[in-house]
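1. Could you look at this predicted model? Sequence included:
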Amino acid sequence: MGEELIKARLDRTLISNEWYNHYEHSLSAISRIGSDHFAMVFVAKNTSVKRNFSFRFERMWLDDPNLEKAIEMCWSIDVKGIAMYRMDNNLRYVKDNIKKWNKVVFGDLIATKFKTQLELKEMQDKIQTSGYSEVSIREENEVLVKYHKSIRRDEEFWKQRSRSLWLKVGDRNTGFFHMTCMKHKAAYRISKLRIGGIETGKDDEIGKEAKKFFISLLLVDKGLDGRSQRALLEKIPSIINEVQNKALVVIPSEDKVKKVVFSFDGNKAPGSHGFPLFSFQAFWDILKSDVVKGVQEFFGVRIILKELNATFLVLIPKCPRANSMDKLWLIILSNSFYKIISRW
């Protein structure tokens, strides 16, 4: 081989799924001194810190026959005001009550799953001891139905987070959905950021730097007066003619709004309200009146309520181990109502 330079990565770190879920980890090489090998450094950081998670409407809730009645009751409250305000208020009211419904009626997903497993084991142990009977067979089947329902809900829960839309629920892909979700979380995690030449891993410092960076990037230059702004806008070529413009701003019919709502992939990120479009599609008969009136109102007055225009801003790494602001994408997660009106 002579003087040819040969590089090969020989070292690997093997970890279990439990470790992967519990720790934020990284593997890197340090400078070699007096050797032709690089020493590898494995760093594990406990990620069990409690965080405040925003509300998200769960697809697995659709499996409960009591949900539609609960949403209909919440949506029927009398709210005074414009259509967009009523819809925003109803969404917030539904959100607050669904949180309570989830705890009291639907129940904890993990606890229900283990409870039904225990019930099934006790029932089968009883059958092993006492033998089969018509009563024991019926009771075992009832427990099996409950167990399979809990498994299906667990699978739906992780499928919604994994965004693996090409796989179907019911094939027992829970483990795959879970690992996909964990890999996405690890890939999108911003663990370190270089600020002023110094690398930091503190979340509050990373957040402040991100805010400072995008404010300086997106803030309007206050030194630009009205005349200069109009002159700047006049330089932008017009590609929409008058006929097309009128078609874009016409007040849509109920059928048109429904067609737009059902044209979306309902599993996309829900935005600040926490209601993905599949929730609008599933309960369209309940929501349609306020949704349609809200959309028509927007096209009539051409103003959107501030609360319905609220979005989540998320930073996504452009490459592995991104540690500077120029290596991060800013992604806007609009809420469902904004997605509907922007489809025209």
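-> Sure thing, it's come through. Predicted model, so just to flag it, every value in this text is computed and none were measured. Numbering: from 1, shown residues only.

2. all helices of the stretch 101-250 of the chain, in order?
-> For the stretch 101-250 of the chain, helices defined by DSSP state H, counting those that start in this stretch occupy the ranges 109-130, 134-162, 174-188, 203-218, 226-234, 242-249.

3. wait, which of the ones you listed is closest to Gln281?
-> Nearest to Gln281, of all the helices of the stretch 101-250 of the chain, is helix 134-162, at 14.4 Å by C-beta to C-beta. C-beta: built from backbone N, CA, C; applies to glycine.

4. Can you give me the buried ones in that closest one?
-> By neighbour count, and taking 16 or more other C-beta atoms under 10 Å as the criterion, the buried residues in helix 134-162 are 140, 143, 146-147, 149-162.

5. element containing Ile331?
-> Per DSSP states H and E, Ile331 falls inside strand 328-334.

6. elements contacting that strand?
-> strand 311-317 (3 or more C-beta pairs under 8 Å, 6 or more residues apart in numbering; DSSP states H and E).

7. nearest spatial neighbour of the residue nearest in space to the middle of the chain, skipping sequence neighbours?
-> For the chain, the residue sitting closest to the mean C-alpha position, by C-alpha atoms, centre = their mean, is Ala269 at 4.6 Å. Counting by C-beta to C-beta, 6 or more residues apart in numbering, Ala269 lies nearest to Leu333, which is 4.6 Å off, once chain neighbours are set aside.

8. For that neighbour, list the residues it contacts.
-> Leu333 sits next to Ala269, Pro270, Gly271, Ser272, Thr311, Phe312, Leu313, Val314 when contact means C-beta atoms under 8 Å, 6 or more residues apart in numbering.

9. Any buried residues in the helix or strand following the strand holding Ile331, and which?
-> Next helix or strand after strand 328-334 toward the C-terminus (DSSP H and E): helix 336-342. For helix 336-342, burial by neighbour count (16+ other C-beta under 10 Å) applies to Ser336, Phe337, Tyr338, Lys339, Ile340, Ile341.

10. about what we covered before: reformat the helices of the stretch 101-250 of the chain into TSV and put mean pLDDT next to each item.
-> Shown next, in TSV, are the helices of the stretch 101-250 of the chain (pLDDT from 0 to 100):
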stretch	mean pLDDT
helix 109-130	82
helix 134-162	80
helix 174-188	66
helix 203-218	83
helix 226-234	77
helix 242-249	84
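
11. Number of residues surrounding Ala83?
-> 19 (other C-beta atoms under 10 Å).

12. How about the contacts made by it?
-> Asp290, Lys293, Gly294, Gln296, Glu297.

13. Skipping adjacent residues, who's closest to it in space?
-> Lys293 (3.7 Å).

14. Per-residue pLDDT of the one you found, please?
-> pLDDT, Lys293: 94.

15. Kindly report the same for Leu165.
-> Note on Leu165: pLDDT of 55.

16. again with Arg343
-> Confidence score, pLDDT, at Arg343: 82.

17. show me where the stretch 1-150 of the chain has strands.
-> Under the criterion DSSP state E, counting those that start in this stretch, strands of the stretch 1-150 of the chain are mapped to 23-29, 40-46.

18. Least reliable of the ones you listed by average pLDDT, please.
-> Between the strands of the stretch 1-150 of the chain, the lowest average pLDDT goes to strand 23-29, which shows a mean of 66.

19. what about Val295, how many neighbours?
-> For Val295, using other C-beta under 10 Å, the count is 25.

20. quick one on the thing from earlier: nearest to Asp203 among the contacts of Leu333?
-> Of the contacts of Leu333, the one sitting nearest to Asp203 (C-beta to C-beta) turns out to be Val314, at 14.2 Å.

21. which residues touch the closest one?
-> Leu330, Ile331, Ile332, Leu333.

22. And the residues you listed, which is closest to Trp75?
-> Closest to Trp75, out of all of those and judged by C-beta to C-beta, is Leu333, at 23.9 Å.

23. Per-residue pLDDT of the closest one, please?
-> Leu333 is given a pLDDT of 84.

24. again, but for the one 4 residues further on
-> The confidence metric pLDDT takes the value 91 at Phe337.

25. So that it lines up with my notes, have the first residue be 411 from now on.
-> Got it, the first residue is 411 from now on, which makes the last one we talked about Phe747.

26. Let me see the contact set for it.
-> Met494, Met497, His683, Val701, Gly704, Val705, Leu718.

27. Which two of these have the greatest separation?
-> His683 and Val705 (15.5 Å).

28. Now stretch 616-632: buried residues?
-> Those would be Ile616, Glu619, Ala620, Phe623, for stretch 616-632 by 16+ other C-beta under 10 Å.

29. any idea how far Ser682 is from the nearest residue to the last one once chain neighbours are set aside?
-> In this case it means Phe623. With sequence-adjacent residues excluded and distances taken as C-beta to C-beta, 6+ apart, Phe623 is closest to Met735, at 4.5 Å. Distance check for Met735 against Ser682: by C-beta to C-beta, to the nearest Å, it reads 23 Å.
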